[in-house]
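**Q** Quick one, fold the following:
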Amino acid sequence: MKFLNLALLAVLPRSILALPATGPLSILNPAGVPIICETFSLDIEDVTFSFQNYNSDANLVNLGPGSIAWGDPAPASLNGNGQQSMLSTAKSVVTPYTAIVNDVFQLGSLTHHNNAILGIHVNTVELVVNVWIQGVAYPFVYDLIVHETPNLGGTACPFITGGAGCSDKVEIALASVTPQAVHLMNGVKFEIDLLGFRDCPTCALRDHFISEEGAASSSYLYAMLTLTDCPHRGGGGGDPHFETWTGHQFYDYMGACDLHLVQAPHFAPSLPLNIDVRTKIRNWYSYIESAVVQIGDETLEMGSFGEYLLNGVQGATMPNTIAGFEVKAFNPNKNFHILEVYIDEQEKIVLRSFKDMVSVKIDNAKKERFHDSKGMMGNFDTGHVLSRDGHTYLEDPNEIAKEWQVRDTEPMLFNVVSGPQHPQACVLPDRTEAQAERRLGGKTISQEAATKACAHWPKAHREGCVKDVIATGDLELAALGAL
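**A** Predicted coordinates for the structure are as follows:
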């Protein structure tokens, strides 16, 4: 089967979704290694239909978007009813519609109005499905074959028939479908696997449907949405949550030390990139106190309450540059500060501070810069966190931190040495039973209040938001959006 693009998902009622995606997705990269991806959704703005490339001499009438008629109406003696034969289409739900991956769904309905006709008929026609995503129409072309049969019944009928004349067959040429992927601004790539026709949500799939003579017969095109590549983004923030490159998971590390978030030795010609974070313990949890980006020999460091140093200069004038890349500063309010390093128009490194909590995030990362990167964010291609040797899979957050703690044989990127330093091990908070009771007892912010405050956050980040609000007792953190 060939692949089509995501957008056609717009037409499936939720009640007939076959495979609801409730957790991470596993796909294979070109080398056959499993890639674990976050479950993504997409808003489909509209789905429209049209026909093209039909027989121009078949007395054809284009009835407008999604409908086409042909042939000379046959007389009553040949079962004619004064009407041409026709194909019509319809989408099944009102758009906009939120689509999710790994679901079998309807593209829409296709109806053959099988009226008795004379003269030249349409043997083949292309059905074009236009899907609208983020203001852009993506066209998908299906080759349809209409197998016309004699108007009168008899032993010559090639298909099973129950009417007065011979039934026709409408077939979709699956092999003719050309793949077209949707590449969204955030790096998500989707395709659709065209499955074929069904008469009902649970009926068997097939590549055709039979159309009774003198009747209007409908069937439904079904497809499956597939995710062909993960967006490459990630980072760390909150108390703190680390997001791997493919966005498939957040893991929490509750400890204090300096950690390698990302090491990208071939970030740019002769310019390696390193990002380190420093975590600090507060009561029973920890948070990122400061983060430093090094490109080549230049550094940009952000600390609590928006304090920053560019190449050791505190509060350097902004906008500015680091290793030739533009840096801009933003200050939405007194408690919220942002530094953005622009790698290109879409790819950037974002440092943020909310009061004394710092986060660092890389958006729309490109493979040519980060394909061989290592650190807390894992392998760029698969999202799996690996050891320094690049072979051992790590899952336990404490083991990950132990492996990626900045060592005493490695350069110190931060302007000031602070906290546990290798060879001293990372320090874990003292999480006594009494402290756990105070946490669960909701003496800061209740679970219900935190959940309500974080409801507008993206689904993948929502759980982390709730944890952060409860830990800090600060609802303002939720109002700022995902760090």
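
**Q** Quick one: mean pLDDT over stretch 382-389.
**A** On average, the pLDDT along stretch 382-389 is 87.

**Q** Going by neighbour count, list what's buried in that stretch.
**A** Using 16 or more other Cβ atoms under 10 Å as the test for burial, stretch 382-389 gives T382, G383, H384, V385, L386. In this view, the C-beta of every residue, glycine as well, is placed from N, C-alpha and C.

**Q** where exactly do the strands run in the stretch 101-250 of the chain?
**A** With DSSP state E, counting those that start in this stretch, the ranges of strands along the stretch 101-250 of the chain come out as 104-114, 117-118, 124-133, 136-147, 168-172, 182-183, 189-198, 208-211, 215-229, 234-237, 241-243, 250-252.

**Q** Just list what the second one packs against, helices and strands only.
**A** Put plainly, it is strand 117-118. Applying 3 or more Cβ pairs under 8 Å, 6 or more residues apart in numbering; DSSP states H and E, one finds that strand 117-118 contacts strand 72-73.

**Q** What of the last one?
**A** Other helices and strands packing on strand 250-252, by 3+ Cβ pairs under 8 Å, 6+ apart, are strand 241-243, helix 397-404, helix 459-472.

**Q** try 6 Å this time
**A** Packing partners of strand 250-252 (3 or more Cβ pairs under 6 Å, 6 or more residues apart in numbering; DSSP states H and E): strand 241-243.

**Q** What strands line up against the strand it packs on, and which way round?
**A** In the sheet, strand 241-243 lines up against strand 234-237 (antiparallel), strand 250-252 (antiparallel) (DSSP bridges).

**Q** and those strands, which one is worst for confidence?
**A** Least confident of the strands paired with strand 241-243, judged by mean pLDDT, is strand 250-252 with a mean of 81.

**Q** So which residues make contact with that strand?
**A** H241, F242, E243, P397, G464 (Cβ atoms under 6 Å, 6 or more residues apart in numbering).

**Q** ok, the last one touching H241?
**A** It stands for G464. Yes - in this structure, G464 is within contact of H241 by Cβ atoms under 6 Å, at 4.3 Å.

**Q** In which helix or strand does the closest residue to G306 other than its chain neighbours reside?
**A** Distances taken as Cβ to Cβ, 6 or more residues apart in numbering place H337 nearest to G306, at 2.9 Å, with adjacent residues excluded. Using DSSP states H and E, H337 maps to strand 336-342.

**Q** Tell me where the stretch 251-400 of the chain has strands.
**A** Taking DSSP E, counting those that start in this stretch to define them, one finds strands in the stretch 251-400 of the chain at 258-268, 271-282, 285-295, 298-302, 308-310, 313-314, 320-322, 325-333, 336-342, 348-354, 357-363.

**Q** Adjacent strands (with direction) for the helix or strand where F51 lies?
**A** Using DSSP H and E, F51 sits within strand 46-52. Partners of strand 46-52 in the sheet, by DSSP bridges, are strand 124-133 (antiparallel).

**Q** Settle this for me: F242 is touching M376, isn't it.
**A** Yes - under the criterion of Cβ under 6 Å, F242 makes contact with M376 at 5.1 Å.

**Q** domains for this protein, by residue range?
**A** Per automatic domain parsing, the structural domains of the chain span 3-229, 234-430, 432-483.

**Q** Least confident of those domains, on average?
**A** Lowest mean pLDDT of those: domain 432-483, a mean of 68.

**Q** one step back: now, of the strands of the stretch 101-250 of the chain, which is deepest in the fold?
**A** When the strands of the stretch 101-250 of the chain are scored by mean count of other Cβ atoms under 10 Å, the highest mean neighbour count falls to strand 234-237 (a mean of 28).

**Q** what does that strand contact?
**A** 242-245, 261, 277, 288, 359-362, 377, 483.

**Q** Tabulate these (JSON lines), appending distance to T149.
**A** Below are the contacts of strand 234-237 laid out as JSON lines (distance: Cβ to Cβ, whole Å):
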{"residue": "F242", "distance to T149": "64"}
{"residue": "E243", "distance to T149": "59"}
{"residue": "T244", "distance to T149": "58"}
{"residue": "W245", "distance to T149": "56"}
{"residue": "L261", "distance to T149": "67"}
{"residue": "V277", "distance to T149": "71"}
{"residue": "I288", "distance to T149": "71"}
{"residue": "S359", "distance to T149": "67"}
{"residue": "V360", "distance to T149": "67"}
{"residue": "K361", "distance to T149": "62"}
{"residue": "I362", "distance to T149": "61"}
{"residue": "M377", "distance to T149": "62"}
{"residue": "L483", "distance to T149": "65"}
